[in-house]
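A predicted structure for the sequence below; I have some questions about it.
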Amino acid sequence: MALATRTDRRPSMTRTLWDSTVGKKTIMAVTGLVMLGYLVAHMVGNLKIFFGPGEFDGYA
């Protein structure tokens, strides 16, 4: 008894997006923006040290 394999399956949309160069560039752009947002948020938080101890303690 042989197992039947399905050959009519289409790749998922996620897989299709990942395999395309446009998809990879889009994912890189989105992750870059997330990392930039993380950097800016922490930079602003660290700059609060110049506004006094109360402000910095509120951030911490």
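That came in fine, so what should we check first? Residues are numbered from 1 along each chain as shown.

which of the helices and strands in the chain ranks last by mean pLDDT?
Using mean pLDDT, DSSP states H and E, helix 53-59 stands out as the lowest-scoring helix or strand of the chain, at a mean of 83.

pLDDT score assigned to the residue nearest the centre of the chain?
Computing the C-alpha centroid of the chain and ranking residues by C-alpha atoms, centre = their mean puts Thr31 first, at 3.6 Å. Model confidence at Thr31, given as pLDDT, is 98.

helix or strand for it, which one?
Thr31 belongs to helix 21-47 when assigned by DSSP states H and E.

chain center to that helix: distance?
Put simply, helix 21-47 sits 7 Å off its chain's centre (C-alpha atoms, centre = their mean, to the nearest Å).

Tyr59 is in contact with Gly45, isn't it?
Yes: look at Tyr59 against Gly45 with C-beta atoms under 8 Å: they come within range, at 4.8 Å. In short, each C-beta sits where N, CA and C put it, glycine included.

shared neighbours of those two, which are they?
Shared contacts of Tyr59 and Gly45 (C-beta atoms under 8 Å, 6 or more residues apart in numbering): none.

CA atoms of the least confident helix or strand of the chain as PDB?
Only the C-alpha atoms of helix 53-59 are listed here, as PDB (Å, rounded to 0.1, in the frame of the first residue of the first chain):
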ATOM      1  CA  PRO A  53      16.000  62.900  39.300                       C
ATOM      2  CA  GLY A  54      12.200  62.800  39.600                       C
ATOM      3  CA  GLU A  55      11.700  62.600  35.800                       C
ATOM      4  CA  PHE A  56      14.400  59.900  35.500                       C
ATOM      5  CA  ASP A  57      12.900  57.900  38.300                       C
ATOM      6  CA  GLY A  58       9.600  58.000  36.600                       C
ATOM      7  CA  TYR A  59      11.200  56.500  33.500                       C
END
